[in-house]
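K.L.:
here you go, sequence then predicted model.
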Amino acid sequence: MKHAAIPSTQEMKFLAEPLNAIDADGVFEGYASLFGVADLGKDVVMPGAFTDSLRKREAGAVRLLWQHDPATPIGRWISIEEDRRGLRVRGKLNLAVERARDIHALMREGAVDGLSIGFRVERARAERPTGLRRLEKLDLWEISVVTFPMLPGARVETVKHAQPKLASSIRATAARLFS
């Protein structure tokens with residue numbers, strides 16, 4: 001099976017901060033980018049880098065993909081905004097899609113926990129002698145859930161599970177109804 005190629009002008013950067021949580025409905029949030037933090041490719045996203053892009057493209061127009069594969073959308077972004085820390089995102093996996101259900105289960109278990117941004121650089125400056133590239137203006141196209149984020153410490157912090165008492169109560173009621 002062939003997949004559409006990602007345009008060569010698009011770049012991908014991995015999450016420098018873990019997701020905060022994912023709930024039973026597939027809603028999760030976290031930071032897709034942190035300002036002022038160098039990634040392993042020596043790129044540093046600067047505050048305000050996404051401002052123009054977010055002004056012209058609403059959250060729903062930025063694609064939520066699996067592993068940057070344009071043939072594998074897995075949900076939608078509910079909100080994307082810059083704050084003092086970085087690019088804060090809130091997304092919802094579409095649990096009617098089999099791949100999204102698989103990812104949901106993996107995220108809740110902590111097996112998949114990274115985010116990665118896909119963008120086109122509109123303005124950047126290189127720093128000598130550090131070799132860092134300061135990304136000042138980016139056109140954000142997509143944000144993906146990924147297996148391996150650029151920063152090894154990027155992980156899901158907490159996962160919401162049904163409370164044990166509630167879960168056992170639901171099981172007991174179901175057993176009475178269907179026995």
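P.N.:
Perfect, thanks for sending it. Numbering: from 1, shown residues only.
K.L.:
wasn't residue 55 part of a helix?
P.N.:
Yes: under DSSP: H, G, I helix; E, B strand; the rest coil, residue 55 sits within a helix.
K.L.:
how many other residues sit next to it?
P.N.:
8 (other C-beta atoms under 10 Å). Just so you know, the C-beta spots here come from the backbone N, C-alpha and C atoms, and that holds for glycine as well.
K.L.:
would you state the strands of this protein in chain order?
P.N.:
All strands of the chain, identified by DSSP state E, fall at 10-14, 21-22, 27-34, 43-45, 63-66, 69-82, 86-93, 114-126, 133-146.
K.L.:
mean neighbour count, mean pLDDT and distance to residue 106 added to the ones you listed, as a markdown table?
P.N.:
Below are the strands of the chain laid out as a markdown table (neighbours: other C-beta atoms under 10 Å; pLDDT from 0 to 100; distance: least, C-beta to C-beta, whole Å):
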| stretch | mean neighbour count | mean pLDDT | distance to residue 106 |
| --- | --- | --- | --- |
| strand 10-14 | 19 | 59 | 17 |
| strand 21-22 | 22 | 61 | 10 |
| strand 27-34 | 22 | 85 | 12 |
| strand 43-45 | 22 | 89 | 27 |
| strand 63-66 | 22 | 96 | 11 |
| strand 69-82 | 17 | 95 | 11 |
| strand 86-93 | 22 | 89 | 11 |
| strand 114-126 | 18 | 93 | 11 |
| strand 133-146 | 22 | 94 | 9 |
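K.L.:
go through those strands and name the closest to residue 107.
P.N.:
strand 21-22 (4.8 Å; C-beta to C-beta).
K.L.:
which residue is nearest the middle of this protein?
P.N.:
For the chain, the residue sitting closest to the mean C-alpha position, by C-alpha atoms, centre = their mean, is residue 115 at 3.5 Å.
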